[in-house]
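Peer 1: 3D, please:
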Amino acid sequence: MKIEDKIRNLIENVVVANGYRIDEIKYEKEDNIYFLRVIIDKDGIIDVDDCVKVSNLINPILDEEDPIAESYILDVCSKGRE
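Peer 2: Predicted coordinates:
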């Protein structure tokens, strides 16, 4: 199972229960830094507060389950971020 699928299985229920959808999950390395990007969506506009809320919801789950061996930065963002 890919790490992105494992992460989705861990966090999707809490994200959906709070009115959001997971559009995509990416685990990628830029330079020497790993990023776990969770791209969210909802009906209406996603703002910074939504990203912070989802980050606060999923961070404890990821800390407890510890599915990624490397150190990484959690980046919760919206589809429109380019």
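Peer 1: what's the neighbour count on Tyr34?
Peer 2: 15 (other C-beta atoms under 10 Å). The way it works is simple: take the backbone N, C-alpha and C, and place the C-beta from them, glycine included.
Peer 1: for Lys29, which non-adjacent residue is spatially closest?
Peer 2: Phe35 (7.6 Å; C-beta to C-beta, 6 or more residues apart in numbering).
Peer 1: tell me the secondary structure for that neighbour?
Peer 2: Under DSSP: H, G, I helix; E, B strand; the rest coil, the three-state class of Phe35 is strand.
Peer 1: OK, contacts around Asp41?
Peer 2: 20-23, 78-79 (C-beta atoms under 8 Å, 6 or more residues apart in numbering).
Peer 1: so which of these sit within strands?
Peer 2: 21-23, 78 (DSSP state E).
Peer 1: can I get the buried part of these as one ChimeraX selection?
Peer 2: Buried residues within the ones in strands among the contacts of Asp41, by 16 or more other C-beta atoms under 10 Å, are selected in ChimeraX with:
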select :22,78
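Peer 1: now the ones in strands among the contacts of Asp41 in a markdown table, with pLDDT and distance to Glu30?
Peer 2: Output for the ones in strands among the contacts of Asp41, formatted as a markdown table (pLDDT from 0 to 100; distance: C-beta to C-beta, whole Å):
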| residue | pLDDT | distance to Glu30 |
| --- | --- | --- |
| Arg21 | 97 | 25 |
| Ile22 | 98 | 21 |
| Asp23 | 97 | 20 |
| Ser78 | 95 | 19 |
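Peer 1: and of the ones in strands among the contacts of Asp41, the nearest to Asp63?
Peer 2: The nearest member of the ones in strands among the contacts of Asp41 to Asp63, counting by C-beta to C-beta, is Ile22 at 18.4 Å.
Peer 1: and the closest one, what is it in contact with?
Peer 2: Contacts here follow C-beta under 8 Å, 6+ apart; on that basis Ile22 touches 8, 11-12, 15-16, 38-41.
Peer 1: got the contact list for the longest helix along the chain?
Peer 2: The residue-count maximum for a helix in the chain (DSSP state H) belongs to helix 48-65. With contact meaning C-beta under 8 Å, 6+ apart, helix 48-65 is reached by 7, 10-11, 14-15, 18, 20, 36, 38, 40, 42, 68, 74, 76-78.
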